[in-house]
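Enquirer: predicted model and sequence below, questions to follow.
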Amino acid sequence: MKHLEVVAAVFHDGRKVFVTQRGYGEFQGRWEFPGGKIEPGESAEQAIQREIQEELSSTLDIECSLGSVSYMYPNFSLTMQVFLVHLENGSLTLNEAEDAKWVDVDALSTIDFLPPDRMILPKILEKLGNK
C-alpha cells in the first residue's frame, strides 16, 4: 500500500484559523488545512513553505509544530505533520482550493474536515482555545 508523507499549515489570527475546501479529486468539497506532499530530500519545514507558496502565493512564519497524525485510507496511508503558522508575506490567494474561510476555534468541530485534519483539532484547541 502506498504511504504519503504530507504537511499542513494551521494559519491563525487570534482564535480564528484558515481552512480550505478541496476543489478536486475523490475528496472534493471536504475541508482541510492547506499543505501537501513532502518531496524527496525536503524537510517538513521546507515542504510547508513550498506548498503554501504554490497553493496560496504566500510565505509563512512557523510558530511551532502541532505534531503529526497518521491515517489509513482504503487505498493509501499518510502521515501528516502539522504546523501552527501565521502569514508572513503576501495575501492568501487560492490557487488550488475551491473555497476558504476563517473559522473560530470553537466552531471547528462543525466543519466537514478530511479525517486526518479532524484528528489534529484537539491540538489546535489546546494551543488556541484560551487566546
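Expert: That came through fine.
Enquirer: what about residue 119, distance to residue 50?
Expert: 23 Å (C-beta to C-beta, to the nearest Å). For the C-beta atoms, the positions are set from N, CA and C on the backbone; glycine is no exception.
Enquirer: so what's the most centrally placed residue in the chain scoring on pLDDT?
Expert: Nearest to the mean C-alpha position of the chain, counting by C-alpha atoms, centre = their mean, stands residue 33 at 2.5 Å. What the model reports for residue 33 is a pLDDT of 97.
Enquirer: what sits against it?
Expert: 8-10, 17-20, 82, 117, 120 (C-beta atoms under 8 Å, 6 or more residues apart in numbering).
Enquirer: next one: residue 85
Expert: 9-12, 48, 52, 60-63.
Enquirer: check these for burial and list the buried ones.
Expert: Among the contacts of residue 85, those classed as buried by neighbour count (16 or more other C-beta atoms under 10 Å) are 9-12, 48, 52, 60.
Enquirer: can you say which helix or strand has the spatially closest residue to residue 78 that is not a sequence neighbour in it?
Expert: Once flanking residues are discounted, residue 78 sits nearest to residue 4: 4.3 Å by C-beta to C-beta, 6 or more residues apart in numbering. Using DSSP states H and E, residue 4 falls within strand 2-13.
Enquirer: tell me the pLDDT of residue 28.
Expert: On pLDDT, residue 28 comes in at 87.
Enquirer: from residue 110, how far off is it?
Expert: In terms of C-beta to C-beta, residue 28 sits 20 Å off from residue 110.
Enquirer: likewise for residue 98?
Expert: 18 Å.
Enquirer: one more: residue 6?
Expert: In terms of C-beta to C-beta, residue 6 sits 24 Å off from residue 110.
Enquirer: quick one: the helices in this protein, in order.
Expert: Listed in chain order, the helices of the chain (DSSP state H) span 44-56, 115-119, 121-128.
Enquirer: got CSV for the ones you listed, with mean pLDDT and distance to residue 72 too?
Expert: Shown next, in CSV, are these (pLDDT from 0 to 100; distance: least, C-beta to C-beta, whole Å):
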stretch, mean pLDDT, distance to residue 72
helix 44-56, 95, 20
helix 115-119, 97, 9
helix 121-128, 93, 19
